[in-house]
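Visitor: the following block contains a protein sequence and its predicted model.
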Amino acid sequence: MSEPKSFNFSDVANLPNFEDALVGFVPKNLSSADDLLQGVADVLSFPAYFGRNWNALYDCLRDFHWTEKRNVFLVHSDLPQLDKDDLKAYLEVLRDAVADWQPGESHAFIVIFDRSIEVAVMNALNMGRD
């Protein structure tokens, strides 16, 4: 069985140009869930009906009907400064959305974090595990 799809960790400052892709750079220094949800909605041009909550975020990350671009990238140069529960919820939504896209679907969703925050991302996802 192949390993599930996950996040990519790269040097965000040196990413190549993405041709024929929708690329959203999450704004830096976000400190509230509301600001983060709005920031993601803005950079990925979510439809007006986006509900600005974790479930609505997941739904929009699993349905990119509003863009003709096949590949959708969400790039983070830093980790949002949310409380631990909101940060974990956000990362779980991203992880689940990435994992749910299957080869051959109309779009592909790729999440990129700067390499410098890989440990922080993984630690935040593992909070609360037994």
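Guide: The structure has been received and is ready for your questions.
Visitor: when you work out contacts or count neighbours from here on, use the C-alpha atoms and nothing else.
Guide: OK.
Visitor: show the pLDDT at the closest residue to residue 69 other than its chain neighbours.
Guide: Distances taken as CA to CA, 6 or more residues apart in numbering place residue 21 nearest to residue 69, at 5.1 Å, with adjacent residues excluded. pLDDT, residue 21: 93.
Visitor: how about the one 4 residues further on?
Guide: The score at residue 25 is 96. That number is its pLDDT.
Visitor: now do the phi/psi pair for it.
Guide: The phi/psi pair for residue 25 (degrees, to the nearest 10) reads phi -100, psi 110.
Visitor: could you do residue 101 as well?
Guide: phi -70, psi 130.
Visitor: offset the numbering so it begins at 265, please.
Guide: In the new count, where the first residue is 265, that last one comes out as residue 365.
Visitor: quick check: closest non-adjacent residue to it.
Guide: residue 372 (6.4 Å).
Visitor: equivalent analysis for residue 370, please.
Guide: Per CA to CA, 6+ apart, closest to residue 370 is residue 334, 6.4 Å.
Visitor: for the one you found, what are its contacts?
Guide: 284-286, 370-372 (CA atoms under 8 Å, 6 or more residues apart in numbering).
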